[in-house]
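# Got a predicted model here, sequence first, then my questions.
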There are 4 protein chains.
Amino acid sequence: MSRETVGMIFEAAVKVFAERGFDRAKMDDIAREAGVAKGTIYYHFTSKDELFTALMNHGLQKMKEYVRRRMDEVKQPTLKLRGLLEAEVSYLFQHGTFAKLLLAEVWSSNERQYEFRAHIHELESIIREVLEVGIQEGDFREINATETSIAIFGAMSVTVLQEVFRDIHLSGEELANTRTTPVVDMLEMLLHQGILKN
Amino acid sequence: MSRETVGMIFEAAVKVFAERGFDRAKMDDIAREAGVAKGTIYYHFTSKDELFTALMNHGLQKMKEYVRRRMDEVKQPTLKLRGLLEAEVSYLFQHGTFAKLLLAEVWSSNERQYEFRAHIHELESIIREVLEVGIQEGDFREINATETSIAIFGAMSVTVLQEVFRDIHLSGEELANTRTTPVVDMLEMLLHQGILKN
Amino acid sequence: MSRETVGMIFEAAVKVFAERGFDRAKMDDIAREAGVAKGTIYYHFTSKDELFTALMNHGLQKMKEYVRRRMDEVKQPTLKLRGLLEAEVSYLFQHGTFAKLLLAEVWSSNERQYEFRAHIHELESIIREVLEVGIQEGDFREINATETSIAIFGAMSVTVLQEVFRDIHLSGEELANTRTTPVVDMLEMLLHQGILKN
Amino acid sequence: MSRETVGMIFEAAVKVFAERGFDRAKMDDIAREAGVAKGTIYYHFTSKDELFTALMNHGLQKMKEYVRRRMDEVKQPTLKLRGLLEAEVSYLFQHGTFAKLLLAEVWSSNERQYEFRAHIHELESIIREVLEVGIQEGDFREINATETSIAIFGAMSVTVLQEVFRDIHLSGEELANTRTTPVVDMLEMLLHQGILKN
DNA sequence: AATGAATGAGGTTTCATTCAT
DNA sequence: CATGAATGAAACCTCATTCAT
C-alpha cells in the first residue's frame, strides 16, 4: 500500500509543517499524525528536507494546475484576471496550512529555498502573462507587467494570510466559501480603478 | 560598557537571525559575530526568544518612527500616501536583513508571534489611517480601508523582498538609492489609477 | 535455485563485509550487491551475525583444507613449513577481502568472536604441528612450538595484509602470482637462519 | 577544569572503545564512564570519529616516545633490537586495551584509517632503522629491512594480543611484569638464530 | 560585567529484523 | 522461495541555558 502510505505521510506533513513551521516540526509528530512509524517516513523520504521539498513542490504544482484550469475558462483579460484571483484566493483559503508554509518558508534562507522561489516565480508569471496579454489587447495601461505581477501576488497572498490567521477557527472550506468573493472584490476594485476618487 | 556590548549583540543578532531565520540561528554564532562570550548574551537577555523580540520591537519601532516622521512632512492624502510608501520601501531596502526577518517570521506560528503580529498591525494601521483621512476628505473612493491597507502592505513588502533577494549583492544603501523611486512609482500608479486603460 | 541464491549472497557478503567491516556493512548493501531482496537473506540466514559466522567458517574451512592439501605433498619438516607458508600466503593474497576480515574482526570483542578465535587457533595449530614434528625429528631447535607458531602466524598475516593494502589496485590473482614467492622467501629466511650474520 | 575533563574523557574512551570496538562503542557509555554529560564530550571533540582519532594518535605518540627512549639507552644493534622489542611488548601489555584497538581498527577500512596506518608505519620504521644500522655495521645479514620489519611487527603484536586475550583476567601491570621477558626471549631467539637446528 | 565549560533534553537518522503477500 | 514495505529501538549530535569564577 505504498500509494496509501505516502499519501498519509503527505497529509500529516502538510498539517504539522504548517502548524509549526519547518524547524519546529518534529518527525515524531508527523509520524504520529500519519499513523505510521517514524522509520516508515524515512523509508519513503531520504530526509526531513526532502519530505518538505516534495511536499511544497506537490502543493505548488497542484495550485498552478488549479489556477490554470480555472483561467482557461475565460478569454477576456479583465475576466481572466478575476478568474485568476478567484482561483488563487480560493485555493489558498482552502489550503490555509499550505498558504502559511508558502509565505513563511519562502523567505527563510537556505539552499532548499532556491528551488522553492522558482516555483513562486511561476505563480507570479501566470499573473504577468495575463497582464501582458491585457496590455497588448489594449485593456490594460502600459504598466510594468513584471513588477506589477509581484505586487499583485503580494497583495493577494498577504491579505489571504491575514484572514486565515484572524479566523483561525474556520475551516478552509468555510473560509473559501464566505471570504473569497469579498477579498477578490476588494483586490479587483483596487486593481481596476485604484483608490483615487475621480 | 554595557551600552557598547548590548549594541554589539544587537547588530550581530540582526545579522545572524536574518541570515538563518530564528530557529536556525545559534546563540553561539551570535556570540562569535558580536565578539562576546555566549554567557554575556544571557547576562543582558533572558533568552533567545527575548533577544529576538527585543530586536524586532526595536526594528519595528525605528521603522514606525521613521515612517511617521516622513509622513508628517505633508498633509494632503495622496502626497501623504506617497510619503508613506517611500518611507517604508526605503527603510526596508536599507535594512534588508530586517525586512527578511519581518516577512519570514510573522507567519511562523508560535506564541512570540502574537506580539509580533500586533506590531505589523500597527504598520498597517498607519496605512489605514491615511486611507481613512483620504476617504473622509473626498480624495479617495469609498473603499474598505482596513482590507485595502493590508493589501497595500502586502504588495509593498513582497515587492521589496523580491528585489532584495534578486539583487542580493547590492548594499542596502545602494538598493534604497536606486530602487526606491521606481518601486514607489509602480505602486503609486497601481494604487491611484489601477490597471484599466480608460 | 536455493544453491544459486545462497551463493550470490555469500559472494556479496564477503565483498561488503570486507569493504566495510562487520558493523558498517548493511544488509541492504549485501542484498543489492547480491541482486536479491533483503527479505531473501533472512529466508536463508537467521541474522546478520549468523551470515557473518557462516561466511567466516566457510572461508576458514576452505583455507584450512587448501593448506592441508598443499602440505601433504611433502614430508620433510623444512619443506613442509615452506609449503605451509606458501599455501597460507597465496590463499590470503587470492582472497584479500577475506584476509582483511580475518585480521580486522578477530580482535573485535564480542561473543561471536569466541568461535572465531577458535578457528584461528586451528590455523596456528597447523603451524605448531609442523614445528613439533620438526623438533622431534631433530630438524628444528628446542623452541616453544606454541608461542612460536603464533609469532609465525602474526608475521605472515600482517605482512600479507600490508601488501594487500599497499597494492590495493591489484587483483588477488595478480598479487598471489607476483608476491607470494618473495614474501615466503623473506619469511623462510627469517625463520630458518634469523637475522644475525654469522 | 578543561585539562581534567578531557583527561577523564580520554581514559573512559580508551576503555570503552577497546571493550567494544569503534562501532559498538556508545558515546553514552563513554560519557557515563567518564562521569560527564554526553554534551561535554561534544564540547571538546567534534565527533565520535575525532575523539577516536585523537585517542589513537595520542596513544601511538606515547608509545613511540616510550620506545625511542628505551632504545636510546643502548647503541649496539642486537641490544638495540632487544630493547626495542622489550619496550613495545611491555608497552602493549601495560596498555592491553590500546593494543586491542591498535590491531582491531587498523584494518577496518574507512578514511580515518589512512592517517592511522601512517602511524603504524612509523612504528615499523623504528624497527627498520635498527635493522638497517645492524646491516650496515655488519651485525645483521643482508635482509630486506622493510619487509622484515613488518614481519617482526606482526609477530610481536599478534603474540602480545594472543596473550592479552588468553589471560584476560590479569592486569596490564601483571602481564607486563610476568610475560614480557618470556615473549621477548622467544622473539629474540627466533629473530637471531631462526628455528633450524645447526 | 563578562566568561566559557558543562549540561541534558530533544531531535534526526540508521538499520537489523519482521511479516503479509 | 522470494519480496519489500513497515517497524522501532537505539545511536549520534545539537544547542539553549546555567553557573562557578
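Structure's in. What do you need?
# Now A:Thr40: which helix or strand?
When elements are assigned from DSSP states H and E, A:Thr40 belongs to helix A:38-44.
# For that helix, name the packing helices and strands.
helix A:2-20, helix A:27-34 (3 or more C-beta pairs under 8 Å, 6 or more residues apart in numbering or on different chains; DSSP states H and E). Every C-beta, even on glycine, is put in place using the N, C-alpha and C of the backbone.
# got the angle between the last one and helix A:2-20?
Taking axes from the mean of the first three to the mean of the last three C-alpha atoms, to 10 degrees, one finds that helix A:27-34 is oriented at 120 degrees with respect to helix A:2-20.
# and stretch A:137-144, anywhere near chain B?
Yes. Residues of stretch A:137-144 are located near chain B by C-beta under 8 Å from any C-beta of the partner chain, namely A:138-141, A:143-144.
# Most neighbours among these, which one is it?
The most crowded member of these, judged by other C-beta atoms under 10 Å in any protein chain shown, is A:Phe140 (24 neighbours).
# Give the closest residue to it in space, chain neighbours not counted.
A:Gly134 (3.8 Å; C-beta to C-beta, 6 or more residues apart in numbering or on different chains).
# elements contacting the helix or strand hosting that neighbour?
Using DSSP H and E, the element containing A:Gly134 is helix A:112-136. In terms of contacts (3+ C-beta pairs under 8 Å, 6+ apart), helix A:112-136 is packed against helix A:48-71, helix A:77-94, helix A:96-106, helix A:145-166.
# if we can go back for a sec, contacts only, for the residue nearest to A:Phe140.
If you count contacts by C-beta atoms under 8 Å, 6 or more residues apart in numbering or on different chains, A:Gly134 has them with A:77-78, A:80-81, A:140, B:195.
# Pick out the most distant pair among these.
Of all pairs drawn from those, the greatest distance, 12.5 Å, lies between A:Lys80 and B:Ile195 (C-beta to C-beta).
# of those two, who's got more company?
More neighbours surround B:Ile195 than the other of A:Lys80 and B:Ile195, with 25 against 21 (other C-beta under 10 Å).
# Distance check, the more buried one against A:Leu131.
7 Å (C-beta to C-beta, to the nearest Å).
# Common neighbours of those two, please.
With C-beta under 8 Å, 6+ apart as the test, B:Ile195 and A:Leu131 both reach A:140, A:143, A:148.
# which residues touch the helix-or-strand element of chain A with minimal mean pLDDT?
The helix or strand of chain A with the poorest confidence is helix A:96-106; it has a mean of 81 (mean pLDDT, DSSP states H and E). Helix A:96-106 is contacted from outside by A:14-15, A:17-19, A:21-22, A:52, A:56, A:59-60, A:63, A:92-93, A:113, A:116-117, A:120, A:157-158, A:160-161, A:164, A:172, A:175, B:103-105, B:107-109, using C-beta under 8 Å, 6+ apart.
# Tell me, how many residues neighbour the residue of chain A found nearest DNA strand F?
Using C-beta to the nearest atom of the strand, the closest approach of chain A to DNA strand F is made by A:Gly39 at 1.7 Å. Around A:Gly39 sit 9 other residues, with neighbours defined as other C-beta under 10 Å.
# ok, now A:Ser125?
Other residues close to A:Ser125 by other C-beta under 10 Å number 15.
# Over to A:Glu129?
15.
# Which among the helices and strands packed on helix A:38-44 is found nearest to B:Glu33?
helix A:2-20 (27.0 Å).
# All set now, cheers.
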